[in-house]
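[1] Here is the input, now give the coordinates:
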Amino acid sequence: MKPLALALAVSTLTVPLFAPPQALAQQQPAAQAAPAAATPARVVAHYARLVHAGYEDSLAGAQELQKAIAAFTAAPSQAGLEAARKAWLEAREFYGQTEAFRFYGGPIDDDKGPEGRINAWPMDESYVDSVEGNPTAGIINDRKVKITKQQLAGLNEKDGEENIATGWHAIEFLLWGQDLSETGPGNRSFEDFVDGKTRNADRRRQYLTVVTELLVDDLRFLVRAWAPGQKNNYRAKFERGGNESLRRMLVGLGSLSRGELAGERLEVALASQDQEDEHSCFSDNTHRDAVANAKGIQNVWTGSYQRRDGSTLAGPSLRDLVAAKNAALAERATAQIAASVAATEGIQAPFDREIVGGKDAPGRQRVQKAIDSLTQQSKDIVEAAGAIGITRLTLVNPE
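    Prediction:
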């Protein structure tokens with residue numbers, strides 16, 4: 001989670017037509033006139049189902065990660081470490097899609113929300129553990145600091161936004177270690193968790209266990225906040241929100257499109273050419289983070305989400321509402337969003353090599369193509385909002 005710019009009021013913008021690749025066009029049928037079922041209330045209710053499903057899948061992935069980490073810490077081995085890494089990567093695919101549910105003061109990122117504990121970045125590795133040239137750095141090597149969920153939550157972002165102590169990226173760092181390679185991810189040895197092999201291995205095992213448990217707790221909180229059949233949770237209030245809930249859905253999509261994904265996650269790294277500005281730098285998973293974020297936007301727009309078990313959850317969508325007012329605009333926005341997914345899929349790993357070089361470097365051009373497509377789709381989203389009577393959105397924009 002990088003510092004975000006001030007929210008700006010954005011008015012309706014005109015946009016050109018962008019056609020998606022043929023394969024994606026086949027996956028995403030052309031927008032048609034909205035069926036009778038696509039009322040604002042039903043679109044909001046289906047969105048709530050999508051959100052709940054997304055967080056359920058994220059929680060299930062984190063629980064599988066927790067099992068793999070428990071097995072690894074009980075008997076550290078290279079195979080156990082690889083299994084934990086695989087579980088982390090698989091879980092990220094689903095969490096990344098949920099970031100389309102942010103930026104409007106929902107339970108993930110209101111004043112008391114857990115987003116900063118879950119996905120804060122970039123991370124100063126030395127805040128948590130030893131790094132090259134400083135073998136005694138970090139919380140793990142300070143035996144005076146207790147390793148508990150409450151303590152780690154309190155230390156997260158304390159005295160600096162890069163002092164990340166919790167969440168996906170703290171776990172990522174513990175599993176992969178620093179990325180000191182230009183051609184691959186970090187390569188931490190499993191012996192870092194073996195007593196007698198490295199300093200404070202017991203605390204490293206404890207830290208990995210506790211920080212993963214905290215992640216599971218925070219994701220479980222989000223599942224409860226969006227659970228169906230409750231009278232007073234966030235979902236119940238959201239489903240009664242009418243056009244305000246539609247506005248929030250669109251704010252989430254537009255803000256992730258331009259301010260966060262195109263801006264903070266791609267544009268900043270492209271400008272700095274610095275590995276420290278990539279999202280998942282330890283595992284070299286940044287390219288997949290971008291794809292998952294782009295798919296999350298597409299899920300909400302189309303009302304369709306492929307779940308962790310392979311089933312598809314589909315229903316009335318924002319696209320349907322817009323199509324009832326302006327079919328051509330709905331189709332154009334659908335095509336642009338599909339093009340953005342394709343553009344992010346075109347970014348190659350490792351991301352830290354994609355961003356280096358001159359303007360003509362193929363990797364930089366691939367990243368720039370994704371930025372341009374995401375920027376255009378944010379304009380389409382604003383125009384789509386206007387078509388259904390929401391004429392002003394407060395979107396997060398890049399600095």
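[2] for this structure, longest helix please?
    Secondary structure of the chain per DSSP state H: the longest helix is helix 40-74.
[3] now the helix or strand following it: how far from the chain's centre is it?
    Tracing the chain past helix 40-74, the next element assigned as helix or strand by DSSP states H and E is helix 78-97. For helix 78-97, the separation from the chain centroid amounts to 15 Å (computed by Cα atoms, centre = their mean, to the nearest Å).
[4] picking that back up, helices and strands around the longest helix of the chain, which ones?
    If contacts are counted by 3 or more Cβ pairs under 8 Å, 6 or more residues apart in numbering; DSSP states H and E, helix 40-74 sits against helix 78-97, helix 201-225, helix 234-239, helix 243-254, helix 286-302, strand 304-306, strand 312-314, helix 318-325. Any C-beta I mention is one placed from the backbone N, CA and C, and that applies to glycine too.
[5] if you set the cut-off to 6 Å instead, what comes out?
    helix 78-97, helix 201-225, helix 234-239, helix 243-254 (3 or more Cβ pairs under 6 Å, 6 or more residues apart in numbering; DSSP states H and E).
[6] Show residues contacting the second one.
    Same thing as helix 201-225. 55-56, 58-59, 62, 66, 69, 73, 107, 114, 117-118, 140, 147, 149, 152, 166, 170-171, 174, 192-195, 233-234 (Cβ atoms under 6 Å, 6 or more residues apart in numbering).
[7] Pull out the buried positions in that helix.
    Using 16 or more other Cβ atoms under 10 Å as the test for burial, helix 201-225 gives 201, 203-215, 218-219, 221-223, 225.
[8] next one: it to chain centre, how far?
    18 Å.
[9] Between helix 78-97 and that helix, find me the angle.
    30 degrees (axes from the mean of the first three to the mean of the last three Cα atoms, to 10 degrees).
[10] Export stretch 61-74 to CSV, keeping only CA atoms.
    The C-alpha trace of stretch 61-74 is given here as CSV (Å, rounded to 0.1, in the frame of the first residue of the first chain):
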residue,chain,number,x,y,z
GLY,A,61,-6.3,-19.7,0.1
ALA,A,62,-4.8,-18.2,3.2
GLN,A,63,-5.9,-21.2,5.3
GLU,A,64,-4.1,-23.5,2.8
LEU,A,65,-1.1,-21.3,3.1
GLN,A,66,-1.4,-21.6,6.9
LYS,A,67,-1.4,-25.4,6.7
ALA,A,68,1.7,-25.4,4.5
ILE,A,69,3.5,-23.1,6.8
ALA,A,70,2.5,-25.2,9.9
ALA,A,71,4.0,-28.3,8.2
PHE,A,72,7.1,-26.4,7.2
THR,A,73,7.8,-24.9,10.6
ALA,A,74,7.3,-28.2,12.3
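[11] Give the buried residues for that stretch.
    Across stretch 61-74, burial judged by 16+ other Cβ under 10 Å covers 61-66, 68-69, 71-73.
[12] Can I get those residues in TSV including distance to Ser181 and pLDDT?
    Putting the buried residues of stretch 61-74 into TSV (distance: Cβ to Cβ, whole Å; pLDDT from 0 to 100) gives the following:
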residue	distance to Ser181	pLDDT
Gly61	26	98
Ala62	27	98
Gln63	31	98
Glu64	27	98
Leu65	24	98
Gln66	28	98
Ala68	23	98
Ile69	24	98
Ala71	27	98
Phe72	22	98
Thr73	25	98
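[13] What is the nearest of those to Ala83?
    Taking Cβ to Cβ as the measure, Ala68 is the one of those closest to Ala83, at 4.9 Å.
[14] and the closest one, what does it touch?
    83-84, 87.
[15] Then Gly252?
    Taking Cβ under 6 Å, 6+ apart as the criterion, Gly252 is in contact with 100-104.
[16] where does it land on pLDDT?
    pLDDT for Gly252: 97.
[17] low-confidence ranges in the chain?
    1-36, 399 (pLDDT under 70).
[18] can you tell me which residue is nearest the centre of this protein?
    With distances taken as Cα atoms, centre = their mean, Gly96 lies nearest the centre of the chain, 3.3 Å away.
[19] List the residues that contact that one.
    When contacts are counted by Cβ under 6 Å, 6+ apart, Gly96 touches 289, 292-293.
[20] same thing but at 8 Å, please
    Residues near Gly96 by Cβ atoms under 8 Å, 6 or more residues apart in numbering: 288-289, 291-293, 295-296.
[21] What is the burial count for the closest residue to Arg188 other than its chain neighbours?
    Spatial nearest neighbour of Arg188, chain neighbours left out: Gly177 (3.0 Å); criterion: Cβ to Cβ, 6 or more residues apart in numbering. Neighbour count of Gly177, defined by other Cβ atoms under 10 Å: 20.
[22] same thing with the one 3 residues further on?
    Here the number of neighbours of Leu180 (other Cβ under 10 Å) works out to 12.
[23] Skipping its backbone neighbours, what lies nearest it in space?
    That would be Glu132: by Cβ to Cβ, 6+ apart, it lies 6.6 Å from Leu180.
[24] Repeat that for Thr198.
    Spatially, and ignoring its direct neighbours in sequence, Thr198 is nearest to Asp192 (4.9 Å; Cβ to Cβ, 6+ apart).
[25] Could you verify my assumption that the one you found touches Asn200?
    No - counting by Cβ atoms under 8 Å, Asp192 does not reach Asn200; the two are 9.4 Å apart.
[26] separation between the residue nearest to Leu180 and Arg199?
    14 Å (Cβ to Cβ, to the nearest Å).
[27] Could you do Gly389 as well?
    62 Å.
[28] again with Glu115
    From Glu115 to Arg199 the distance is 33 Å (Cβ to Cβ).
[29] of the two, who's got more company?
    The neighbour comparison of Glu115 against Arg199 (other Cβ under 10 Å) goes to Glu115, with 19 against 12.
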